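*Asks:* Here is my input; please provide its structure:
(chains A and B)
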Amino acid sequence: MKQLRLPLSEADIADLHAGDGVLLTGTIYTARDCAHRRLFELLDADMPLPVDLKTTYIYYAGPCPAPAGKACGSCGPTTSARMNAFAPRLLDLGLLGMIGKGEMSEETRAALVRNKKVYFAAIGGAGAQYAACIKKSALVTFPDLYSEAIYRFDVENFPAVVAIDAQGRSVYDRD
Amino acid sequence: MRTLNTQEISDCIYRLARRAGTALTPACRASLCAAASRERGAARFALDTLLQNADTAAAQCMPVCQDTGMAVVLLELGQDVLLTGAPLARAVDDGVRRAYADGCFRKSICDPLTRVNTGDNTPAHLHVDIAEGDRVRVTFLPKGFGSENMSRLYMLTPSEGRAGIVRAIVETVRLAGSRPCPPVYVGVGLGGAFDSCAFLAKKALTRDVGTRHPREDVASIEDEALETINALGIGAQGFGGQVTALGVACEIAPTHIAGLPVAVNIQCHCIRCEKETL
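*Replies:* Modelled structure (predicted):
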C-alpha cells in the first residue's frame, strides 16, 4: 500500500497505476447527488462556489450522524456513476479528483486524462472502517440536505484503490 | 383471540432495526469469509476490509454501512391476534424513528420530486400478510439503494421459459457491474403479476444466503444462475475475481397463462436482516 498525502504532486499522479492500493492522508469534501445539483445551479448562475475546486477532492459519500466521542459516523462511499453528469465539468474547472465506488463513464474517464487527475475507489460497505480514518469533520454548507450536505473531513490512512489513473487505465476494464 | 398492543410491535421494530443496522447476518459473514479465501489482489483486499469492518461495527455498535437503508418491514399477522393501541403503521414508523435516531443511523428517505428529506427515515416500507394463528412474525430488512437502483423487472413470455429466466437474472447482474457493491445477493421473483413479482424478489432477500429453495426445479435455477454470474469475473467491488454473487434466492408464485414475470432485486454484500416472533 502506497502512503500518499493530499494534494497529490504531479510526480505522485504520474506514478499511480489503476489497481494500486493506497492510504490517503489529507483533506477531502463530501458531495453527492443533491449537493452536486446545487453546485451546478451556482455555476450556471455565475455565483461563487462554497468550496474552491482547485484545492478540493470530492468524496462521493453521505455520512451517518457522529456518535458521542467520534468525529463522524459510518461513512463509506456511494455509487460514483450517478455523478457522471457532474464530474467532467468539475474536473475541467480544476477539481483535484474524486473518491467513490464503482465504474464511471467514458466522458469522466476522458476528463480525468485531459486534466491529469485520478479517481480512487474506496471499499463500498466499509462505513465503520472509514469512520475511524476521519479525524476531524466540519459542516461546510447545505445543512438542510442532512447527510447530503457538504462536509470537510481530515482523513488519515484512508484505504482506497486507484480506480482510473491519469493515463485512463481502469481497474474495471476486464480485457 | 390474543390481544397485542401495537407498542410491542413498535418496540420489536426498534430492537430489530438497531441490531440489523450494526451487524451482518451470520450467514452473510460466513459467505464473505468463504469468498475471501477464493480471491487474490484487490478483490481479496476489499473482502478482508469488509470482514474487518463488520467486526469494527459490531464492537463499536456503529452502522456496518452508512446506507442504513429504507426500512423494509414484513409482518405476518396471525388472524387470531387482536391489535390494540396506536394504529399499526404509526407504531411501526415510531419504532423506525426511535431506532434511527438512537443508533446514529443515516436518514435516507426523501420526497421523490422535491428531494426534501423526511428527517427520521420514515415512512417504513410496510407489508402485512395475514397468516394463521395468534403470533406476529416480524422481519426487518434495511435496504440500501446503491443496489436497489440496479434491480430490474422482466415481463417474459411463457415460451422464453427457464432459459429466459436465467438470462434475465444474469443480465441484471452483468449490467449492474461494479455499481451495486458486489459480491451481491440476488433476490428473484418468479410469477405473480407486475407488482407482486417484484415483492417476491424482495421477500427472497430475507432468506439466509446459501439456502436452497425447497422445490428442486426452482433450486436448480438458483444454482445455474449463480454459476453463470460467477463466471462473469466482476468480483468484489468490480475489481475482478471469482465471486460476483454470494447467492441467488428465488421465490415463486402462480402467474397468468399469458405471462412469465421475472423480477431481480439486487442486494449488496452487506446483508442485514433480523427476525423475531411475538
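
*Asks:* drop to CA atoms for contacts and neighbour counts, all remaining ones
*Replies:* Noted.

*Asks:* for the chain, which spans come out with low pLDDT?
*Replies:* Reading this off chain A. Filtered on pLDDT under 70, chain A yields the residue ranges A:175.

*Asks:* can you count the residues close to residue 80?
*Replies:* As the question left the chain open, I've gone with chain A. Residues lying near residue A:80 (other CA atoms under 10 Å in any protein chain shown) number 25.

*Asks:* Correction: the question concerned chain B.
*Replies:* Residue B:80: 16 surrounding residues under other CA under 10 Å.

*Asks:* who's in contact with it?
*Replies:* Each residue near residue B:80 by CA atoms under 8 Å, 6 or more residues apart in numbering or on different chains is listed here: B:1-2, B:132-135.

*Asks:* Would you show me how to pick out the buried ones of these in PyMOL?
*Replies:* Selecting in PyMOL just the buried members of the contacts of residue B:80, where the criterion is 16 or more other CA atoms under 10 Å in any protein chain shown, is done with this command:
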select buried, chain B and resi 134+135
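
*Asks:* Quick check: residues of the stretch 101-250 of chain B near chain A?
*Replies:* Where proximity means CA under 8 Å from any CA of the partner chain, the interface of the stretch 101-250 of chain B facing chain A comprises B:104-108, B:115-117, B:119, B:146, B:177-181, B:233, B:237-240.

*Asks:* Kindly recompute the last result at 10 Å.
*Replies:* B:101-108, B:115-117, B:119, B:145-147, B:176-182, B:232-240 (CA under 10 Å from any CA of the partner chain).

*Asks:* Tell me how many other residues crowd residue 75.
*Replies:* No chain in the question, so chain A it is. By the criterion of other CA under 10 Å, residue A:75 has 32 neighbours.

*Asks:* Let me rephrase: I mean chain B.
*Replies:* Other residues close to residue B:75 by other CA under 10 Å number 19.

*Asks:* For it, give the beta-bridge partners.
*Replies:* The partner list for residue B:75 in beta bridges (DSSP bridges) reads residue B:128, residue B:138.

*Asks:* What separation do you get for it and chain A?
*Replies:* According to CA to the nearest CA, to the nearest Å, residue B:75 and chain A sit 27 Å apart.

*Asks:* Now do the buried residues in the lengthiest helix in chain B.
*Replies:* If each helix of chain B is counted by residues according to DSSP state H, the longest one is helix B:41-60. Applying a neighbour-count criterion of 16+ other CA under 10 Å, the buried positions in helix B:41-60 are B:42-51, B:53-58.

*Asks:* among these, which are in reach of chain A?
*Replies:* Checking these against chain A by CA under 10 Å from any CA, the ones in range are B:42-43, B:45-47, B:49-51, B:53-58.

*Asks:* Kindly reformat the residues you listed as TSV containing pLDDT and distance to residue A:28.
*Replies:* Written out in TSV, the entries for these read as follows (pLDDT from 0 to 100; distance: CA to CA, whole Å):
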residue	pLDDT	distance to residue A:28
B:42	92	23
B:43	94	25
B:45	94	23
B:46	95	21
B:47	96	24
B:49	95	21
B:50	96	22
B:51	96	25
B:53	96	21
B:54	96	24
B:55	95	26
B:56	94	23
B:57	95	23
B:58	93	27
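
*Asks:* Surely residue A:167 is in contact with residue A:119?
*Replies:* No: no contact is recorded between residue A:167 and residue A:119 when judged using CA atoms under 10 Å, the distance being 11.2 Å.

*Asks:* more neighbours, the two?
*Replies:* In this comparison of residue A:167 against residue A:119, neighbours counted by other CA under 10 Å, the higher total goes to residue A:119 at 29 against 19.

*Asks:* for that one, what are its contacts?
*Replies:* Taking CA atoms under 10 Å, 6 or more residues apart in numbering or on different chains, we find residue A:119 in contact with A:18, A:57-58, A:80, A:96-101, A:103-104, A:108-109, A:112, A:160-166, A:168, A:170.

*Asks:* Extract the C-alpha trace of the helix or strand containing it and format it as CSV.
*Replies:* Counting by DSSP states H and E, the secondary-structure element that holds residue A:119 is strand A:118-121. Once side chains and other backbone atoms are set aside, the C-alpha atoms of strand A:118-121 remain, and they are given as CSV (Å, rounded to 0.1, in the frame of the first residue of the first chain):
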residue,chain,number,x,y,z
VAL,A,118,-7.1,10.3,-10.6
TYR,A,119,-10.3,8.7,-9.5
PHE,A,120,-10.0,6.5,-6.4
ALA,A,121,-12.4,3.7,-5.3
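
*Asks:* can you give me the strands for the stretch 101-250 of chain B?
*Replies:* B:125-131, B:136-143, B:152-156, B:184-192, B:245-255 (DSSP state E, counting those that start in this stretch).

*Asks:* ignore the last one, chain A
*Replies:* With DSSP state E as the criterion, chain A has strands at A:2-5, A:21-30, A:57-59, A:97-100, A:118-121, A:134-141, A:150-164.

*Asks:* Turn these into a markdown table, columns for distance to residue B:63.
*Replies:* As requested, the strands of chain A are arranged in a markdown table below (distance: least, CA to CA, whole Å):
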| stretch | distance to residue B:63 |
| --- | --- |
| strand A:2-5 | 27 |
| strand A:21-30 | 18 |
| strand A:57-59 | 19 |
| strand A:97-100 | 19 |
| strand A:118-121 | 20 |
| strand A:134-141 | 15 |
| strand A:150-164 | 18 |
